[in-house]
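> The sequence and its predicted three-dimensional model are supplied below.
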Amino acid sequence: MDVLASREISGLYRRLNTAAVAAPFVMRGGEGCWIESIEGERFLDLTAGYGVASTGWNHPRIVACVREQASRSLFAPPMLVTREAAELSHALLEVMAAPEEWRCVRATGGADANEQVLKAVVTLAERARVPRPHRVLRYERAYHGGTSAMLALSDIERHGLARPLSQAEHPCLPVPTSAEDIRLVTDLLECDRSVCAVMVEPVIGSGGVHPFPIPYLRSLRELCSARGVPLIFDEVMTGCGRVGAMLAAHLAGIMPDAITLGKGLSSGAAAVGAALVNPQLAGVICAAEDTTSTFAWSPLGCAVASETLRIIEEENLQARAAVLGPRLRDGIAALFQGVFGDRAVVRGVGMMVGADVLREAEGEPDAAIIRCALVRCRRAGVLVGASWDWKTMVLLPPLVMTEREVEEAIVRLGHALEGLRPR
Ligand SMILES: Cc1ncc(COP(=O)(O)O)c(C=O)c1O
């Protein structure tokens, strides 16, 4: 056991941090799909730290890369070009199959990447004399980050702080369930000339894993092109292999005008985000003063992100997510249906799975039962996540998960759910 016991560490943590975090155990570290507490308990992890540790916890190549990079160069200010940053931007545009004239924008994470794009679309809107106040079309249950501007575009109800002033100004669309729902967007863009962009998580992540129908995304692409409104794909969670392809945009067979990335991009070894943008947006960003963050794209961050992209490709992690993700989803669907019957709703794409239990058939999801299931899962040695309102069990496992680990996860989840009854 470590020198400090977990109770002492929790005490210290509470003094250091302003928020009361429900820390079920103190994490010592992880390896692959496993997390260990300082008491030596091992948990099969189906969260990857909310989609970050996509190449698994402490992948040996990432650890080696950090060591190697530390001996060379850790930090460089944003105004200096580094070999690591040049290599990463080249690799990102290649791997994500971005068109030749697209550019890469540096960021420290997902919200920061979205902010960079938002600033550019607003600038374009000003130039085009789009009527003010500029509004961004966004979706119910979306989450785009914790900065004020991104919270204004998110549907999160639980942040507990005063809502940013602009929140009410952005039209909020329901999550589409069929291609027909595009009519709502068509009508909105028809009557509201102040919309300067549409921002979409192609699979809503922390709002409970809601995949957008592919025909809907294609119609949205056509509509935005026809109206000259930039379409932004927030692929912070869906990108870098998680959906069974490098991007959800690839699954849909379309190219938005901007794609933002973060989370799994750096395997969690450094804070790295990026935006891939079309030439119009790139022109605005390049012409402006460099407004990137001080810590964006440090040599260390770039080195681990480039290594992460190589691992995803060389270990074929997207293909693995495409095969094993549905297997995990089907196993969980069978478990949930066995316990909750027709009140269970399980959905997913690749290694993103969401599971609800409805209060009554066709009713609202029951948050209390998911909270209870989470605790039981931990006791059964398997870690699962939840949507921000606890209505959905959210699974975002490391993409390195093996077939045996998928089976083991289903067995452990089965033990956890045994005897659980809805109220
Ligand atoms: C889809 C999406 N966009 C943006 C963000 C914000 O990313 P970050 O926390 O790195 O700022 C998140 C984080 O959960 C996310 O899921």
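Yep, that arrived. Numbering: from 1, shown residues only.

> Checking the nearest residue to residue 200 once chain neighbours are set aside next. Helix, strand or coil?
Spatial nearest neighbour of residue 200, chain neighbours left out: residue 233 (5.9 Å); criterion: Cβ to Cβ, 6 or more residues apart in numbering. C-beta coordinates here come from the backbone N, C-alpha and C atoms, glycine included. Following DSSP: H, G, I helix; E, B strand; the rest coil, residue 233 is assigned to strand.

> How confident was the prediction at residue 233?
pLDDT, residue 233: 98.

> since we're on it, how many residues are nearby?
Applying other Cβ atoms under 10 Å, we find 28 residues neighbouring residue 233.

> In a strand, residue 419, correct?
No. Read with three-state DSSP, residue 419 is coil and lies in no strand.

> For the helix or strand where residue 323 lies, the averaged confidence score.
Under the criterion of DSSP states H and E, residue 323 resides in helix 317-340. What helix 317-340 shows for mean pLDDT is 97.

> Let me know how buried residue 284 is, in neighbour terms.
Neighbour count for residue 284, taken as other Cβ under 10 Å: 18.

> now what about stretch 210-223, what contacts it?
Applying Cβ atoms under 8 Å, 6 or more residues apart in numbering, the external contacts of stretch 210-223 come out as 141, 175-179, 181-182, 185-186, 189, 198, 200, 202-204, 231, 251-256, 347-349, 352, 354.

> returning to that earlier point: roughly how far out does the helix holding residue 323 sit from the chain middle?
In terms of Cα atoms, centre = their mean, to the nearest Å, the centre of helix 317-340 is found 19 Å from the chain centre.

> Report the buried residues of that helix.
Under the neighbour-count criterion of 16 or more other Cβ atoms under 10 Å, helix 317-340 has 317-318, 320-322, 324-326, 328-329, 331-333, 335-336, 339-340 buried.

> related to what we said a few turns ago, just the buried ones out of the contacts of stretch 210-223, please.
Among the contacts of stretch 210-223, those buried by neighbour count (16+ other Cβ under 10 Å) are 141, 175-176, 179, 181-182, 185, 189, 198, 200, 202-204, 231, 251-252, 254-256, 347-349, 352, 354.

> Secondary structure class of the nearest residue to residue 329 once chain neighbours are set aside, three-state.
Of all residues not flanking residue 329 in the chain, residue 348 sits nearest, at 4.2 Å (Cβ to Cβ, 6+ apart). Under three-state DSSP, residue 348 falls in the strand class.

> Isn't residue 348 up against residue 326?
Yes. When contacts are counted by Cβ atoms under 8 Å, residue 348 is listed as touching residue 326 (7.3 Å).

> returning to that earlier point: put the alpha carbons of the helix holding residue 323 into PDB.
What follows is helix 317-340 as a C-alpha-only set of coordinates in PDB (Å, rounded to 0.1, in the frame of the first residue of the first chain):
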ATOM      1  CA  LEU A 317      -8.000   0.300 -33.100                       C
ATOM      2  CA  GLN A 318     -10.700   1.800 -35.300                       C
ATOM      3  CA  ALA A 319     -11.400  -1.600 -36.800                       C
ATOM      4  CA  ARG A 320     -11.400  -3.100 -33.300                       C
ATOM      5  CA  ALA A 321     -13.900  -0.500 -32.100                       C
ATOM      6  CA  ALA A 322     -16.100  -1.300 -35.100                       C
ATOM      7  CA  VAL A 323     -16.200  -5.000 -34.200                       C
ATOM      8  CA  LEU A 324     -16.000  -5.200 -30.400                       C
ATOM      9  CA  GLY A 325     -18.100  -2.100 -29.700                       C
ATOM     10  CA  PRO A 326     -21.300  -3.700 -31.100                       C
ATOM     11  CA  ARG A 327     -20.500  -6.900 -29.300                       C
ATOM     12  CA  LEU A 328     -20.300  -5.000 -26.000                       C
ATOM     13  CA  ARG A 329     -23.500  -3.100 -26.900                       C
ATOM     14  CA  ASP A 330     -25.400  -6.300 -27.700                       C
ATOM     15  CA  GLY A 331     -24.200  -8.000 -24.500                       C
ATOM     16  CA  ILE A 332     -25.400  -5.100 -22.500                       C
ATOM     17  CA  ALA A 333     -28.700  -4.900 -24.400                       C
ATOM     18  CA  ALA A 334     -29.300  -8.600 -23.500                       C
ATOM     19  CA  LEU A 335     -28.500  -8.000 -19.900                       C
ATOM     20  CA  PHE A 336     -30.600  -4.800 -19.600                       C
ATOM     21  CA  GLN A 337     -33.600  -6.500 -21.400                       C
ATOM     22  CA  GLY A 338     -33.200  -9.500 -19.100                       C
ATOM     23  CA  VAL A 339     -33.500  -7.300 -16.000                       C
ATOM     24  CA  PHE A 340     -35.700  -4.400 -17.100                       C
END
